[in-house]
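K.L.:
compute the structure for the input listed below.
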Amino acid sequence: MSDNIVEINYHHTGKSTNTNELGMREMQAKVYAKRNSQYLLVKAPPASGKSRALMFVALDKLANQGVKKVIIAVPEKSIGKSFKNTKLAKYGFYEDWVVDPQYDLTLPGGDMGKVDKLVEFLHSDDSAARIAICTHATLRFAYQRIEDDHDFDDVMVAIDEFHHVSADDSSVLGTALKNILHNSTAHIFTMTGSYFRGDSAQILTPEDEALFDKVTYTYYEQLDGYQYLKSFGIDYKFYQGSYLDALPEALDISKKTIIHIPNVNSGESTKDKYGEVDQIFDTIGTIVGQDEKTGIYTIKDKENNKLLKVADLVNEDGREKVQEYLRQMSSPDDLDILIALGMAKEGFDWPFAEQALTIGYRHSLTEVVQIIGRVTRDSSNKTHSQFTNLIEQPDAKNDDVEYAVNQILKAITASLLMEQVLAPQIHLKPRKHDSEADPNGDGSSNIYVKGLSEVTSPKVRDILENDMNDLQAAILQDNTVQKGIAAEVTAEEMNKILIPKVIMNRYPDLSDEEIEQVREYTVAQLNAQYAETQSTVDEQGKINDFLKMADKFINIDELDINLIDSINPFQRAYDVISQNINSDVLRKIQSTIDANKYKFDDQELIYLYPKIKQFVVENGRKPSKDSRDEMEVKLAYALSALKVLRAKKEAQNG
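P.N.:
Model prediction:
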């Protein structure tokens, strides 16, 4: 096994895949224990059994809780198969999961007809109209045809891959959910393997999220309880020239592999996606033939003359029959390598996959986590799974690259722990001149842009360099901003409306583009400085703090975690190697994250410590951060802060 950026080893206890007397895995039993909750949010990794957990809860609501109908919405049709008819009774549950085919609206057919069918389902008195499966889009369009939210009374609305929803007013699905939540007696069940969007948009407003009971099941809990999979690795490899030249060293064709080629608009792409597939075929070996019925290629491995089955999802011709073959796979021998561009990410089920090789820098953290989920399923054919990101060598010094990758790794690690994360705004700029170690000739690192526009205007540069302190003071003393803070306006309104007005008034000669540049840098700096506390501005204009922005997200910069150990040569460039992360370290990372969510001073921790002990005595358990009780949540985070402080003191004492 090669060195990895992240090397996580698990205890493979089998606990997360073993079932109880009702046929439920550990995570499913946790969800079922909260089956009476009207609003339930489940955060759990791929392969943990979320779909079946939903079946158990839905059947109980139909049988025992007065719910008359269940609507399950999935992001795309292919994911609908996760909710196909399932035998549950033979494993101990009291009823099987059965969906009338006419109400499985993810099967082939006209989309607008499916909208009509969902509206009909909602109003039907037919006993067969109990469970409907549809896409997010079908639910959106059907909702727009429904005049009264009370039509959802006594209906369970379940949304899979919940991170597609946004609390932003522009999100149709988010608005529909909010209206159903507040204007009907509907039961709402939401679930996702990545409870963040990778942008600054919240999935639920804090007020709405507080209405939900929560079940959080982390990657650590899932993988630690697997029967076969023992370790998981992440690696970043950098190359010069074309990625196709570096591919032989990055690709291990002895592993069941998903290869994601770069987007055609990216710098890593050759702009000829079909030609790239052909060259990948050549890297693997020699084409023996293609099955006319399934579209699957047989390629003879160059090294061992082994016959490999390879699927091409890049070419549009014949893609449907390839997809149908992939849906029917049941054995490790059915496929060896899959090549894709935008497919085989979210919801794609190939449990035998051992390695994901992703080419090109991915700006979407959600996408990275979804790809990782494709290879972290438990299967008897593997003990190790691997995610490798092959990236063009950045135009930067080695220590700058280490910093950038470490930021990315912290974000990935936090998201695998089901934390809501703002993706680090890092863009690794490719080297423009292969032969030059320092293209700028001035020793500068010129590495990445932290999500900010390039400053092209001398006026903007002068403001940022010479007037930033005064501008910040003007913003915090502005009456409209102060009223916005008092009214707890959204970060979106503060950042995109109120702050730009102050900038326009202060610098009336700036163009719209220049105002946007100043706004971006100002908001970034304000967030960095004042992200932790609610602010007030007194009558003398004194700044006490700033509005707590993006308070639902992990601040990656504040996590003092170094995952990088060294760099090694690769393809005339390097790949980054890290310190190993075992399950105990992963627990410590979770504690570090939790300890940063509340800012406790020593006196407050002294005050809360006996209350934590009292809570444990009275409830027979530790306080939970997923509780709907605000005080219990505070006690849970205080306990994490105490653990981190204790660990630091033990380290200081040797």
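K.L.:
how about the helix or strand hosting residue 286: buried residues?
P.N.:
Assigned by DSSP states H and E, residue 286 falls within strand 285-290. For strand 285-290, the neighbour count (16 or more other Cβ atoms under 10 Å) marks residue 285 as buried. Placement of C-beta: from N, CA and C, glycine included.
K.L.:
name the helices or strands packed onto the helix or strand just after it?
P.N.:
For strand 285-290, the succeeding helix or strand toward the C-terminus, using DSSP H and E, is strand 297-301. Helices and strands touching strand 297-301, by 3 or more Cβ pairs under 8 Å, 6 or more residues apart in numbering; DSSP states H and E, are helix 273-284, strand 285-290, strand 307-312.
K.L.:
what mean pLDDT does strand 297-301 get?
P.N.:
In this model, strand 297-301 carries a mean pLDDT of 95.
K.L.:
okay, the angle between it and helix 273-284?
P.N.:
Inter-element angle recorded for strand 297-301 and helix 273-284: 40 degrees (by axes from the mean of the first three to the mean of the last three Cα atoms, to 10 degrees).
K.L.:
give me the contact list for strand 297-301.
P.N.:
Strand 297-301 has contacts (Cβ atoms under 8 Å, 6 or more residues apart in numbering) with 253, 281, 284-291, 306-312.
K.L.:
stretch 623-637 now?
P.N.:
210-216, 594-595, 597-598, 600, 608, 611-612, 615-616, 622, 639.
K.L.:
and the strands in the stretch 151-300 of the chain?
P.N.:
With DSSP state E, counting those that start in this stretch, the ranges of strands along the stretch 151-300 of the chain come out as 155-159, 187-192, 213-216, 231-239, 257-260, 285-290, 297-301.
K.L.:
can you list those in JSON lines and add distance to residue 516?
P.N.:
What follows is the strands of the stretch 151-300 of the chain, written out as JSON lines (distance: least, Cβ to Cβ, whole Å):
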{"stretch": "strand 155-159", "distance to residue 516": "34"}
{"stretch": "strand 187-192", "distance to residue 516": "32"}
{"stretch": "strand 213-216", "distance to residue 516": "37"}
{"stretch": "strand 231-239", "distance to residue 516": "32"}
{"stretch": "strand 257-260", "distance to residue 516": "33"}
{"stretch": "strand 285-290", "distance to residue 516": "51"}
{"stretch": "strand 297-301", "distance to residue 516": "48"}
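K.L.:
nearest to residue 471, out of those?
P.N.:
Residue 471 lies closest, by Cβ to Cβ, to one member of those: strand 231-239, at 37.4 Å.
K.L.:
quick one: strands adjacent to that closest one?
P.N.:
Strand 231-239 sits in its sheet next to strand 6-9 (antiparallel), strand 384-392 (parallel), strand 575-578 (antiparallel), going by DSSP bridges.
K.L.:
buried stuff in the longest helix seen in the chain?
P.N.:
The longest helix of the chain (DSSP state H) is helix 630-652. Neighbour counts over helix 630-652 (16+ other Cβ under 10 Å) mark 632-644 as buried.
K.L.:
rewinding a little: so which of the strands of the stretch 151-300 of the chain is the most surrounded?
P.N.:
A comparison of those by mean neighbour count, using mean count of other Cβ atoms under 10 Å, puts strand 257-260 on top with a mean of 26.
K.L.:
centre of the chain to that strand, how far?
P.N.:
Offset of strand 257-260 from its chain centre (Cα atoms, centre = their mean, to the nearest Å): 19 Å.
K.L.:
now residue 301: how far from residue 278?
P.N.:
Distance, residue 301 to residue 278, using Cβ to Cβ, to the nearest Å: 17 Å.
K.L.:
ok, residue 401 next?
P.N.:
Distance, residue 401 to residue 278, by Cβ to Cβ: 31 Å.
K.L.:
who has more neighbours, those two?
P.N.:
Between residue 401 and residue 278, counting by other Cβ atoms under 10 Å, residue 401 is the more crowded of the two (25 against 12).
K.L.:
isn't residue 39 right up against residue 185?
P.N.:
No - using Cβ atoms under 8 Å, residue 39 makes no contact with residue 185, being 11.4 Å away.
K.L.:
more neighbours: these two, which one.
P.N.:
Neighbour totals were compared for residue 39 and residue 185, and residue 39 leads with 18 against 14 (other Cβ under 10 Å).
K.L.:
residues contacting the more buried one?
P.N.:
By Cβ under 8 Å, 6+ apart, the contact set of residue 39 is 181, 187-188, 211-213.
K.L.:
tell me the one of those nearest residue 567?
P.N.:
Comparing the contacts of residue 39 against residue 567 with Cβ to Cβ picks out residue 212 as the nearest, at 43.5 Å.
K.L.:
any idea how far residue 389 is from residue 248?
P.N.:
Per Cβ to Cβ, residue 389 is found 17 Å from residue 248.
K.L.:
grab the nearest non-local neighbour of residue 20.
P.N.:
residue 29 (5.6 Å; Cβ to Cβ, 6 or more residues apart in numbering).
K.L.:
ok, residue 44 next?
P.N.:
Spatial nearest neighbour of residue 44, excluding adjacent residues (Cβ to Cβ, 6+ apart): residue 217 at 3.9 Å.
K.L.:
wait, the one you found sits on residue 45?
P.N.:
Yes - counting by Cβ under 8 Å, residue 217 touches residue 45, with 7.1 Å between them.
K.L.:
which residues are in contact with both of those two?
P.N.:
Joint contacts of residue 217 and residue 45 (Cβ under 8 Å, 6+ apart) are residue 418.
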